[in-house]
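Asks: Here is my input; please provide its structure:
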Amino acid sequence: MREQVVTVIGGGLAGCEAAWQLAQAGFSVRLLEMKPVQYTPAHHYAGLAELVCSNSLKAKRLNSAAGLLKAEMTRLGSLLMQCAQKAAVPAGGALAVDRKQFSDLATEAIRSHPNITLETTVAETLPDTPTVVATGPLTDGKLAEAIEQRCGTRLSFYDAAAPIVSFESLDPEKIFFAARYGRGDADYINCPMNQAEYDAFYEALIGAERATLHDCDKETFRVYEGCMPIEVLASRGKDTMRFGPLKPVGLTDPRTGHRPWAVVQLRKENRAGTLYNLVGFQTNLKFPEQRRVFSMIPGLEHAEFHRYGVMHRNSFLDSPRLLEADYSFRGAEMLYFAGQMTGVEGYMESAASGLLAGRNLARRLQSKPPLILPPETMLGALAAYISSTPTADFQPMGANMGILPELPVRIRGKQEKYQAYADRAMAALEAYLQENDV
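Replies: Numbers count the residues shown, from 1 in each chain. Got it, this is the predicted structure:
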């Protein structure tokens, strides 16, 4: 083990991945995590790498942005991809996990690594030693003040989490299991609505009382599009939900033999299948309103809610102005940032940034050039996005094919085109790793 001690602040997905990569490179790592001494408003479990908003890590197939990202992470030795595969629960074409098992696996891996010391403490300053800051989008207190002093300004947006209900409380006569278009196993519960049911639900939803955002500046309040509260989506028009999370395409109601007017889908929350979350139903409604309105969904009339939806503040850096493509802070070569606070959006995107931040700090300490992956890869494209030319309105970005360079030839079919993107990305990654002896 090397004598150099490296500090990682934050035991979320990005922090765990960064600490693991540094430890695997032979460095002694101090991983500072404030739980269970202190929790953010969104966190409840004492373990590391806690999943908050959903238990889905999105699509598994390679010809999808999420699947490509996970394939690249696996090739680079991601700890959390190993944990995810072990904690996977059935979810059709998605990689969903048992949250507790996923966290427990990550915690055990970190605790048992001989090069990592896990310290329970509330960090209040930025160390002068080599450091990766991965404290997440709810960073506050003295540490937030220290970051603001170092970085200047931070941008804020609001994020939301969906409710969770018990399976046994659902009405089996009104729901059915199916995968959209029959792809994969029938892992999703579907709650079909006819037009009258949908109209009544819509009217109740847009009129429901929302929880107060006490620290919200209404002039600058912005909701991230990728995790929008269902009531905000509904307020944009009567049919917006039917073209979003409630779209009925690819599904047939076995009771009628026809496609429903709208469908609410539920996804398995744990391996045992006792809990399900409402897909796309992130919300900021008051808890009694959630029970009243969501119980109007066919099959959920008597649903037992094990967790209501919540909404919380997320903060992120003006990364194009502050960070390099290796996630290092400009002007401080031993200070790195990782996770959602860098402007990547999503569980695996956050972990991926931690993977690269950890590896790149290790390489800097080894006097090696940084890993700046090709822009044809999803990892490289995300790193390029958060470190590109500053804009007046920098916003978080998740993995998507639109941030990759265009293909040299036009391919008409969507799946064929995405497969070509994925094949090119994996080939570019492999060539880069071989050329740079990684």
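Asks: Please count neighbours and contacts with C-alpha atoms only from this point.
Replies: OK.
Asks: show me where pLDDT drops low in the stretch 1-150 of the chain?
Replies: In the predicted model of the stretch 1-150 of the chain, residues 1-3 satisfy pLDDT under 70.
Asks: where exactly do the helices run in it?
Replies: 13-24, 65-75, 79-86, 99-112, 141-151 (DSSP state H, counting those that start in this stretch).
Asks: Select, out of those helices, the one closest to residue 375.
Replies: helix 65-75 (12.6 Å; C-alpha to C-alpha).
Asks: Tell me, how many residues neighbour residue 75?
Replies: 13 (other C-alpha atoms under 10 Å).
Asks: Next: residue 41.
Replies: 11.
Asks: Also residue 438?
Replies: For residue 438, using other C-alpha under 10 Å, the count is 9.
Asks: ok, residue 111 touching residue 119?
Replies: No. If you go by C-alpha atoms under 8 Å, residue 111 and residue 119 don't touch, sitting 10.1 Å apart.
Asks: and stretch 330-340, which residues are buried?
Replies: 334-340 (16 or more other C-alpha atoms under 10 Å).
Asks: typo on my end, it should be stretch 305-322
Replies: Buried-residue list, stretch 305-322, by 16+ other C-alpha under 10 Å: 305, 308-322.
Asks: Using PDB, list the CA coordinates for it.
Replies: Once non-C-alpha atoms are left out, stretch 305-322 reads as follows in PDB (Å, rounded to 0.1, in the frame of the first residue of the first chain):
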ATOM      1  CA  PHE A 305     -48.200   3.300   1.200                       C
ATOM      2  CA  HIS A 306     -44.900   2.400   2.700                       C
ATOM      3  CA  ARG A 307     -43.300   5.600   1.600                       C
ATOM      4  CA  TYR A 308     -44.800   8.700   0.200                       C
ATOM      5  CA  GLY A 309     -43.200  10.800  -2.500                       C
ATOM      6  CA  VAL A 310     -40.900  13.600  -1.400                       C
ATOM      7  CA  MET A 311     -39.300  16.600  -3.000                       C
ATOM      8  CA  HIS A 312     -35.900  18.000  -2.100                       C
ATOM      9  CA  ARG A 313     -33.300  20.600  -3.200                       C
ATOM     10  CA  ASN A 314     -30.400  19.500  -5.400                       C
ATOM     11  CA  SER A 315     -27.400  21.700  -6.000                       C
ATOM     12  CA  PHE A 316     -24.700  21.400  -8.600                       C
ATOM     13  CA  LEU A 317     -21.600  23.200  -9.700                       C
ATOM     14  CA  ASP A 318     -21.200  25.400 -12.700                       C
ATOM     15  CA  SER A 319     -18.900  22.600 -13.900                       C
ATOM     16  CA  PRO A 320     -18.000  23.900 -17.400                       C
ATOM     17  CA  ARG A 321     -16.400  26.900 -15.700                       C
ATOM     18  CA  LEU A 322     -14.800  24.900 -12.800                       C
END
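Asks: now it, how far from the centre of its chain.
Replies: What separates the centre of stretch 305-322 from the centre of its chain is 10 Å, taken as C-alpha atoms, centre = their mean, to the nearest Å.
Asks: for stretch 136-149, same thing?
Replies: 20 Å.
Asks: got the contact list for that stretch?
Replies: 10, 12, 40, 123-126, 154, 313-316, 339-341 (C-alpha atoms under 8 Å, 6 or more residues apart in numbering).
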